[in-house]
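1. Return atomic coordinates for the entry below.
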Amino acid sequence: MKFRLSNYEKLIYLVIDLVMLNLAFAIGFFFRFSTFGNLLRSDYLTLFLFINFMWLLGAKIGDYSLDNRRRKTIAIYWDFVKAIFFNLLLTLAFISLIQGKYSETFVLRFYLLFFVLGGLSRILFNSYLKMYRKRGYNFRRMVVVGVNPFSIDFVNELIQHPEYGYKFLGFFGYNSKVAEENIRVRKFDKIHKFLLEYEIDEVYIALPSDPDYHIKELIKFCHLNYIKINFLNEFIHLLNKKTIQVNMDYNGPTPIVSVAKEPLEVSANKVMKRTFDLVFSLFVVVFILSWLVPVVALLIKLSSRGPVFFKQKRTGLDGHTFYCYKFRTMRVNAVADEQQATEGDGRITKVGKFLRRFNIDEFPQFVNVLKGDMSVVGPRPHMLSHTRIYSKLISPFMVRHWVKPGITGLAQAKGYRGETTEVRQMYQRVRMDVFYIQNWSFTFDIKIVLMTIWNMITIQKTGV
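-> Numbers count the residues shown, from 1 in each chain. From the prediction side, this is the model:
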């Protein structure tokens with residue numbers, strides 16, 4: 001079996017914690033009695049043994065799961081904070097139960113010292129490990145089976161963070177052609193030999209569970225050769241680990257992955273968001289659209305023939321279609337519902353170019369908000385043709401329709417708007433849309449609105 005530092009890493013953290021715990025206890029005792037001579041007095045010895053035993057028990061129950069190289073230092077420190085708080089509660093309960101006459105000042109001083117010494121030692125040790133791995137030591141060789149936007153993102157993340165300690169040695173798949181971003185894909189039937197020849201430590205699988213992919217054979221081979229197997233799931237990949245808890249359960253032999261409720265599944269949050277939509281939209285309609293519509297209508301009519309408003313079927317909440325309103329920015333054409341506007345598009349009028357530059361063409365959508373088809377903030381609604389195309393290419397695409405589409409969204413506030421010429425560009429937008437859905441809050445909506453207004457004022461350069 002291959003040597004893995006992570007197996008000893010857990011033990012090292014435990015030893016460090018115990019050393020700091022006992023050091024803090026000794027220092028606290030010295031400040032209390034000005035001597036170490038009576039440290040093992042019967043009353044304080046009982047407390048000393050209880051605290052150590054409970055810390056060991058807590059480490060066993062918590063399993064000291066610190067071997068995830070991608071965990072942030074702050075996450076490891078937060079684990080320590082939670083553990084010390086739990087230990088403190090148990091200690092206070094123990095003191096109350098046995099009616100021990102221990103100095104409150106001593107207990108407070110001891111845990112404060114442990115909080116500082118233990119936390120600092122964890123941070124220093126974790127920082128040392130990251131620096132050690134960043135310099136090219138203690139790395140794990142890994143390959144990825146399957147090339148798609150989310151597996152590429154995963155690899156890029158590892159490459160950008162050498163402190164994680166991974167050495168990426170290539171993609172494997174059934175299509176050996178050069179993929180997007182000039183990625184070379186090795187043939188899948190060569191993977192067994194490659195894994196042994198290059199002493200691969202971990203394999204990440206990002207392929208469908210199709211029998212033709214021979215995944216079961218690969219898993220069995222890896223198990224026999226002590227190679228760790230991991231699965232990259234496109235949908236779970238997009239979940240925000242800070243707010244979404246993923247649980248694995250089984251219905252007989254069938255695995256079931258369940259997640260916690262999204263914020264906008266809560267009725268109170270729905271009411272809050274709808275109230276904001278109505279108040280904000282009424283303000284815009286009364287104080288802006290009331291004078292903006294006549295002015296823009298005159299400019300549009302002078303620039304080209306056709307209606308002032310352009311309406312187009314878009315995909316909304318739960319996949320239902322609705323008519324999305326905009327100021328017309330193009331000359332009337334037969335492919336408006338299928339062909340996306342591109343940079344330098346000859347169909348766009350001069351007035352339309354101005355309206356698009358300052359996002360004024362989107363203002364009629366506040367009427368959509370009042371009707372209930374849209375929200376002020378949410379994933380941007382796409383043409384029906386785009387929904388058909390991207391729902392097949394990007395698995396989590398339809399997750400965007402769990403909430404009402406918005407006039408602006410996180411992706412747009414971050415500069416991801418305009419033409420999409422590659423699947424990867426749309427994938428980045430979907431990532432942000434899913435993040436928004438998982439992390440919705442009223443203050444988050446306000447922040448996105450303010451970011452959008454700032455972008456309009458400063459004429460920020462749009463992204464892709």
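2. how near is Ile437 to Leu292?
-> 31 Å (Cβ to Cβ, to the nearest Å). (Glycine included, C-beta is placed from N, CA and C.)
3. between the two, which one's more packed in?
-> Comparing Ile437 with Leu292 by other Cβ atoms under 10 Å, the one with more neighbours is Ile437, at 22 against 16.
4. Enumerate every residue touching that one.
-> By Cβ atoms under 8 Å, 6 or more residues apart in numbering, the contact set of Ile437 is Glu262, Leu264, Pro379, Val399, Arg400, Trp402, Val403.
5. Make JSON lines out of those and add distance to Val81, neighbour count and pLDDT.
-> Below are the contacts of Ile437 laid out as JSON lines (distance: Cβ to Cβ, whole Å; neighbours: other Cβ atoms under 10 Å; pLDDT from 0 to 100):
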{"residue": "Glu262", "distance to Val81": "28", "neighbour count": "18", "pLDDT": "74"}
{"residue": "Leu264", "distance to Val81": "30", "neighbour count": "20", "pLDDT": "86"}
{"residue": "Pro379", "distance to Val81": "35", "neighbour count": "27", "pLDDT": "93"}
{"residue": "Val399", "distance to Val81": "33", "neighbour count": "19", "pLDDT": "83"}
{"residue": "Arg400", "distance to Val81": "36", "neighbour count": "26", "pLDDT": "87"}
{"residue": "Trp402", "distance to Val81": "34", "neighbour count": "18", "pLDDT": "88"}
{"residue": "Val403", "distance to Val81": "34", "neighbour count": "25", "pLDDT": "92"}
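6. With respect to Ile300, which of those residues is nearest?
-> Pro379 (27.7 Å; Cβ to Cβ).
7. Which stretches in the stretch 301-450 of the chain count as helices?
-> Here the stretch 301-450 of the chain has its helices, by DSSP state H, counting those that start in this stretch, at 350-357, 365-371, 384-393, 410-413, 423-438, 442-458.
8. Now do the last one: everything it contacts.
-> Think helix 442-458. 269, 272-273, 276, 280, 358-359, 376-377, 408-410, 412-415, 436, 460.
9. domain parsing for this protein?
-> 5-134, 140-232, 265-458 (automatic domain parsing).
10. how close does the residue lying closest to Asn333 once chain neighbours are set aside get to Ser96?
-> Once flanking residues are discounted, Asn333 sits nearest to Arg347: 5.4 Å by Cβ to Cβ, 6 or more residues apart in numbering. Noted for Arg347: a distance of 77 Å to Ser96, by Cβ to Cβ.
11. for Tyr164, same thing?
-> 44 Å.
12. same question, Ser127
-> 38 Å.
13. Tell me which of the two has more neighbours.
-> Ser127 (12 against 9).
14. List the residues that contact the nearest residue to Asp373 once chain neighbours are set aside.
-> Closest residue to Asp373 apart from its sequence neighbours, by Cβ to Cβ, 6+ apart: Phe322 at 4.2 Å. Residues in contact with Phe322 (Cβ under 8 Å, 6+ apart) are Lys313, Arg314, Gly316, Asn368, Asp373, Met374, Pro381.
15. just Val293 next, same as before
-> Val308, Pro364.
16. in the helix or strand harbouring it, what's buried?
-> Using DSSP states H and E, Val293 sits in helix 290-303. For helix 290-303, burial by neighbour count (16 or more other Cβ atoms under 10 Å) applies to Leu292, Val293, Val296, Leu299, Ile300, Ser303.
17. For those, please prepare CSV with the additional fields distance to Tyr174.
-> CSV is the format used below for the buried residues of helix 290-303 (distance: Cβ to Cβ, whole Å):
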residue, distance to Tyr174
Leu292, 54
Val293, 55
Val296, 53
Leu299, 54
Ile300, 51
Ser303, 52
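18. what about Ile407, how many neighbours?
-> Other residues close to Ile407 by other Cβ under 10 Å number 27.
19. So it sits against Asp373, correct?
-> No - checked against Cβ atoms under 8 Å, the pair Ile407 and Asp373 is beyond contact range at 11.0 Å.
20. Confirm Gly170 sits in a strand?
-> Yes - assessed by DSSP: H, G, I helix; E, B strand; the rest coil, Gly170 belongs to a strand.
21. I'd assumed Phe188 was in contact with it.
-> No - counting by Cβ under 8 Å, Gly170 stays clear of Phe188, with 11.7 Å between them.
22. Helices along the stretch 151-300 of the chain, start to end?
-> Taking DSSP H, counting those that start in this stretch as the criterion, the stretch 151-300 of the chain carries its helices at 191-197, 215-224, 234-238, 267-284, 290-303.
23. contacting residues around the closest residue to Trp440 other than its chain neighbours?
-> Of all residues not flanking Trp440 in the chain, Pro263 sits nearest, at 4.2 Å (Cβ to Cβ, 6+ apart). Applying Cβ under 8 Å, 6+ apart, we find Pro263 in contact with Asn269, Gln438, Asn439, Trp440, Ser441.
24. Now do Ile98 against Met426, distance only.
-> 63 Å.
25. Show me which of the two is the more surrounded one.
-> Taking neighbours as other Cβ under 10 Å, Ile98 and Met426 compare with Met426 leading, 22 against 13.
26. doesn't Tyr390 make contact with the more buried one?
-> Yes - Met426 is in contact with Tyr390 according to Cβ under 8 Å; the separation is 5.4 Å.
27. Need the overlap of contacts for those two.
-> With Cβ under 8 Å, 6+ apart as the test, Met426 and Tyr390 both reach Phe397.
28. Scan this structure for its longest helix.
-> Of all the elements of type helix in the chain, the one with the most residues (DSSP state H) is helix 104-134.
29. Show me which positions of the helix or strand just after that one end up buried.
-> For helix 104-134, the following helix or strand on the C-terminal side (DSSP H and E) is strand 140-145. By neighbour count on 16+ other Cβ under 10 Å, the buried set for strand 140-145 is Arg140, Met142, Val143, Val144, Val145.
30. count of residues packed around Asn333?
-> Asn333 has 11 nearby residues by other Cβ under 10 Å.
31. Could you list the low-confidence segments of the stretch 251-400 of the chain?
-> Within the stretch 251-400 of the chain, the stretches with pLDDT under 70 are 251-261, 335-339, 341-344.
32. and if we set it to 50?
-> Along the stretch 251-400 of the chain, the model assigns pLDDT under 50 to no residue.
33. Excluding its own residues, what touches the helix or strand where Asp43 lies? List them.
-> Here Asp43, judged by DSSP H and E, is contained in helix 42-62. Outside helix 42-62, the residues that touch it by Cβ under 8 Å, 6+ apart are 14, 17-18, 21-22, 25, 29, 38-40, 79, 83, 86-87, 90-91, 94-95, 98, 100-102.
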